[in-house]
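[1] following is a predicted model, sequence given first.
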Amino acid sequence: MSHSIIAGIGTLTVDIDQLFIDIFYHFYHSSKRNQEFADLWCSSFTSEPKTILKHSSTRWLSLLRCVGRYIEQFEGLKSYFLSCNVQSDKVISITERLTNPLTRPILFFLAYILPLMDRFSKMFKKSKENTTCELYTEMNRLLIAELEEELDPKPFYKAVRIFYLATINKMLKKFPFGDSFFKDLEILRPSKASSFSSDTVISLAKKFPQLDLCDSFWWEVGNMKTLDGEPRFPKLFRLMAGLLCIPSSNADAERGFSILRKIHTDERASLSHSTTVGLMSLKFNSVACCFDTDFSDELLTKCKIATSISLAK
């Protein structure tokens, strides 16, 4: 999904990515500039000025949050840079982009299209639910939503059309639309299981000949017995159990790397391997948030003793 968004953003006539980054770093570490903007905002608007958000060009999910914030502050930022005393090349470049008549319509367009793509991305990053069986339907739904847009041949609509073409072309290259496997995986959905033929089951079985965690529906199927007390569908159950183990995205692996980076920081570079593994295990398997976790007096006592022993070495 990120590749499609980046491809579309790159076709826009206004470099929104760089505009957000330039505005953020103009105010970054400058109390004077922040105060000047706050004074101008308070003199023109009744609401309080909000924080200028930082956008990372390598993380497209931050773009959605930034788009909404910059739409709210667009007129204030435009007035500020038009009246800015410092006329550096960077300020002039920001001013030109903010005064570009296409900039604000493009921001509103992104505020419309990004939530659709964000919804698709989040659906397949759920950690407690297998959504692989929904991938085929959702891929087509997202593609159709983009193809159904009819646009006028005006400069703004031309820019939007180019955005759609770039994202759709990237989706067609990256998404497995031509692979019937993902369509067949919809057999995992209990509501559609009965509509598939035995050929689908045979096709899936050939792709996974050695499959050995199931949701409640397929667990019940696995528990069905014949009159002799033998499992009624042993091979079908093993096949479905294996298919349900197929991840719909690499979100879990990426989540593990993110947790590791937060635990093993530069300030905690001396953590041993066993301690790091223990902390990650606690982070992965704990249901409550860390600040809501209650530790027993016995555990805290053991931690103090372990700390004392470690410091004495």
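    Thanks, I have the structure now. What you see is a predicted model, and the numbers here were worked out from it, not measured in a lab. Numbering: from 1, shown residues only.
[2] per-residue pLDDT, A159?
    A159 carries a pLDDT value of 78.
[3] for the helix or strand hosting it, what is the distance to the chain centroid?
    Using DSSP states H and E, A159 maps to helix 155-174. Remark: helix 155-174 is offset 20 Å from the chain centroid, using C-alpha atoms, centre = their mean, to the nearest Å.
[4] and what of stretch 164-184?
    Counting by C-alpha atoms, centre = their mean, stretch 164-184 is centred 18 Å from the centre of its parent chain.
[5] buried stuff in that stretch?
    Residues of stretch 164-184 classed as buried by neighbour count (16 or more other C-beta atoms under 10 Å): Y164, A166, T167, I168, K170, M171, F175, F182, K183, D184. Glycine gets a C-beta too; all of them are placed from N, C-alpha and C.
[6] which two of those have the greatest separation?
    Farthest-apart pair in these is A166 and D184; separation 30.2 Å (C-beta to C-beta).
[7] ok, the residue lying closest to P49 once chain neighbours are set aside to R69 distance?
    The spatial neighbour of P49 that comes closest, neighbours along the chain excluded (C-beta to C-beta, 6 or more residues apart in numbering), is W41 at 4.0 Å. Separation of W41 from R69 (C-beta to C-beta, to the nearest Å): 13 Å.
[8] neighbour-wise, which of those two wins?
    More neighbours surround W41 than the other of W41 and R69, with 20 against 16 (other C-beta atoms under 10 Å).
[9] that's a strand at the more buried one, yeah?
    No - with DSSP: H, G, I helix; E, B strand; the rest coil as the criterion, W41 is helix rather than part of a strand.
[10] surely L243 meets E186?
    No - counting by C-beta atoms under 8 Å, L243 stays clear of E186, with 10.7 Å between them.
[11] so for those two, which residue has more residues nearby?
    When L243 and E186 are compared on other C-beta under 10 Å, the one with more neighbours turns out to be L243, at 23 against 19.
[12] ok, back up a step: quick check: next helix or strand after the helix holding A159?
    According to DSSP H and E, the helix or strand after helix 155-174 is helix 180-184.
[13] for that following helix, name the packing helices and strands.
    helix 135-147, helix 198-207 (3 or more C-beta pairs under 8 Å, 6 or more residues apart in numbering; DSSP states H and E).
[14] quick check: phi and psi on the spatially closest residue to N223 that is not a sequence neighbour?
    With C-beta to C-beta, 6+ apart as the criterion, N223 has its nearest non-adjacent residue at 8.0 Å, and that residue is P231. Main-chain dihedrals, P231, degrees, to the nearest 10: phi -60, psi 130.
[15] buried residues, the helix or strand containing I71. List them.
    Using DSSP H and E, I71 sits in helix 61-72. The neighbour-count check on helix 61-72 (16+ other C-beta under 10 Å) flags L63, L64, C66, V67, G68, R69, Y70 as buried.
[16] picking that back up, just put the buried residues of stretch 164-184 in TSV and tack on pLDDT.
    Compiled in TSV, these are given as follows (pLDDT from 0 to 100):
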residue	pLDDT
Y164	77
A166	81
T167	82
I168	78
K170	80
M171	78
F175	76
F182	71
K183	74
D184	74
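[17] so where's the stretch 101-250 of the chain shaky on pLDDT?
    Along the stretch 101-250 of the chain, the parts satisfying pLDDT under 70 run over 120-155, 197-198, 201-202, 204-219, 222, 237, 241, 244-249.
[18] 50 instead, please
    Scanning the stretch 101-250 of the chain for pLDDT under 50 picks out 211-214.
[19] the closest residue to C42 other than its chain neighbours: neighbour count?
    Among residues not flanking C42 along the chain, P49 sits closest, at 7.1 Å (C-beta to C-beta, 6+ apart). Residues contacting P49 under the criterion other C-beta under 10 Å number 17.
[20] repeat that for D17.
    19.
[21] what does N223 give?
    12.
[22] from K235, how far out is it?
    Counting by C-beta to C-beta - N223 and K235 are separated by 15 Å.
[23] same check, this time on D228
    17 Å.
[24] same deal with L172?
    Taking C-beta to C-beta, one finds L172 at 36 Å from K235.
[25] and what of S93?
    65 Å.
[26] nearest spatial neighbour of S56, skipping sequence neighbours?
    Closest to S56 by C-beta to C-beta, 6+ apart is S62, at 5.3 Å.
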